[in-house]
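**Q** sequence plus predicted model, see below.
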Amino acid sequence: MHIPSFLEALQPLVREAGNRIMAVYAMDLQGNSKADGSPVTLADQAAESVILEGLQHIAPTITVVSEENAASHCLAASSQFILVDPLDGTKEFLKRDGKGAFTVNIALIRDAVPIAGIVYAPALDRLFTGALGYGAHEECAGVKRAIQTRARTLGRVLAVASESHRDAQTNLWLAQHNIDQITSIGSSLKFCLLAAGEADVYPRFSPTMEWDTAAGDAVLRGAGGLVTFTTGEAYTYGKAHYKNVPFVAHGMPANPVIAAPQ
């Protein structure tokens, strides 16, 4: 598979999914509840329908694991598969707080590594793509630019943290590493802010699933960053039931690894 062509083919797909999401966003609708208690809306379902249908044409032979397709969660991870989150940041979507911190996410995983990903924030019209060996880009208001992570400045590290799921362990980690500049934002946009050089580190200890993080992870790696386990090894995908474990996303992987709080 030619990765740049794959990412190019995904762009109209995620934009159409974003259009479907925004059509629901304009309505006065309440979220329903999935079996696990997390909110789900018509937007999730409409976006997923667009994406899954499109992937049948773009990559018909590759297994797709999608958040809203519960049956796919039982599939064993193969050497190559696609992870889809049709609407990441559903809680932010339901808040309607004007921040637009919800995204459409598609990632290609090969040998447990997110080698290509696309993240689209329809309310902000920010579209991010990234792939190992090909760099990362952002397109906003019709203007496309290459993006890359920034070097950290001693004493001026900016962390991004979850808006809806920030926990005590994250706060402890930040305190232990003397990081007091923190931006709270929802969805996979946290990875993209690192990739675009707008922040430096993203620690995550509260639960996530692989489809929540893979696309943003791929964009970040393409931009020169890295996601690690809290022990320091490069983060991998295809874990049991596609459940994530705690991780730290770094804008500059050359920096010393920051350990998990004890």
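**A** Noted; the coordinates are in hand.

**Q** surely Val160 and Ile179 touch.
**A** No. Val160 is beyond contact range of Ile179, at 10.6 Å (criterion: Cβ atoms under 8 Å). Where C-beta positions appear, they are placed from N, C-alpha and C, glycine not excepted.

**Q** between those two, point out the one with more neighbours.
**A** Taking neighbours as other Cβ atoms under 10 Å, Val160 and Ile179 compare with Val160 leading, 24 against 19.

**Q** follow-up on the earlier one: which residues are common contacts for Val160 and Ile179?
**A** Val201 (Cβ atoms under 8 Å, 6 or more residues apart in numbering).

**Q** burial count for Ala43?
**A** 27.

**Q** could you measure from it over to Glu67?
**A** Distance from Ala43 to Glu67, counting by Cβ to Cβ, to the nearest Å: 12 Å.

**Q** look up the closest residue to Gly222, ignoring the ones flanking it.
**A** Gly130 (2.8 Å; Cβ to Cβ, 6 or more residues apart in numbering).

**Q** and the one you found, which of the three is it?
**A** strand (DSSP: H, G, I helix; E, B strand; the rest coil).

**Q** you'd agree it is up against Ala146?
**A** No. Counting by Cβ under 8 Å, Gly130 does not reach Ala146; the two are 10.2 Å apart.

**Q** so what's in contact with those two at the same time?
**A** In contact with both Gly130 and Ala146: 136-137, using Cβ under 8 Å, 6+ apart.

**Q** more neighbours: which of the two?
**A** Between Gly130 and Ala146, counted using other Cβ under 10 Å, the more crowded position is Gly130 (32 against 10).

**Q** so what's that one up against?
**A** 116-117, 136-137, 195, 218-223.

**Q** now do Phe229
**A** 235, 245-247.

**Q** how about 6 Å then?
**A** Residues counted as contacts of Phe229 (Cβ atoms under 6 Å, 6 or more residues apart in numbering) are Tyr235.

**Q** gap between it and Glu48?
**A** 29 Å.

**Q** can you give me the helices in the stretch 101-250 of the chain?
**A** 168-176, 189-195, 210-222 (DSSP state H, counting those that start in this stretch).

**Q** what does the shortest one contact?
**A** Contacting residues not belonging to helix 189-195 are listed as 101, 119, 128, 136, 147, 160, 199, 202, 216, 219-220, 223, 225, 249, 251 [Cβ under 6 Å, 6+ apart].

**Q** looking at it, Ala161 is touching Ser184, isn't it?
**A** Yes. With contact defined as Cβ atoms under 6 Å, Ala161 reaches Ser184; the gap is 5.4 Å.

**Q** the two: who's more crowded?
**A** Taking other Cβ under 10 Å, Ala161 and Ser184 do not tie; Ala161 has more neighbours (23 against 14).

**Q** ok, the more buried one to Ser187 distance?
**A** Counting by Cβ to Cβ, the separation of Ala161 from Ser187 is 12 Å.

**Q** likewise Val50?
**A** For Val50, the distance to Ser187 - Cβ to Cβ - is 18 Å.

**Q** who's more crowded, the two?
**A** Taking other Cβ under 10 Å, Val50 and Ser187 do not tie; Ser187 has more neighbours (29 against 21).

**Q** so which elements touch the longest helix anywhere in the chain?
**A** Longest helix in the chain, counting residues (DSSP state H): helix 3-25. Helices and strands in packing contact with helix 3-25 are listed as helix 42-58, strand 103-110, strand 113-121; criterion 3 or more Cβ pairs under 6 Å, 6 or more residues apart in numbering; DSSP states H and E.

**Q** just give me how far that helix sits from the chain centre.
**A** Mean-position distance between helix 3-25 and its chain equals 15 Å (Cα atoms, centre = their mean, to the nearest Å).

**Q** keeping just the C-alphas, turn it into CSV.
**A** What follows is helix 3-25, C-alpha atoms only, in CSV (Å, rounded to 0.1, in the frame of the first residue of the first chain):
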residue,chain,number,x,y,z
ILE,A,3,0.9,5.4,2.3
PRO,A,4,0.5,8.9,0.9
SER,A,5,-2.1,7.7,-1.5
PHE,A,6,-3.9,6.0,1.3
LEU,A,7,-4.0,9.2,3.4
GLU,A,8,-5.1,11.2,0.4
ALA,A,9,-8.0,8.8,-0.2
LEU,A,10,-9.1,9.1,3.4
GLN,A,11,-9.4,12.9,3.4
PRO,A,12,-12.8,13.2,1.6
LEU,A,13,-14.0,10.3,3.7
VAL,A,14,-13.3,12.0,7.1
ARG,A,15,-14.6,15.3,5.8
GLU,A,16,-17.9,13.7,4.8
ALA,A,17,-18.0,12.0,8.2
GLY,A,18,-17.3,15.4,9.8
ASN,A,19,-20.2,16.9,7.8
ARG,A,20,-22.5,14.3,9.2
ILE,A,21,-21.3,15.0,12.7
MET,A,22,-21.8,18.7,12.3
ALA,A,23,-25.3,18.2,11.0
VAL,A,24,-26.2,16.4,14.2
TYR,A,25,-24.2,19.0,16.2
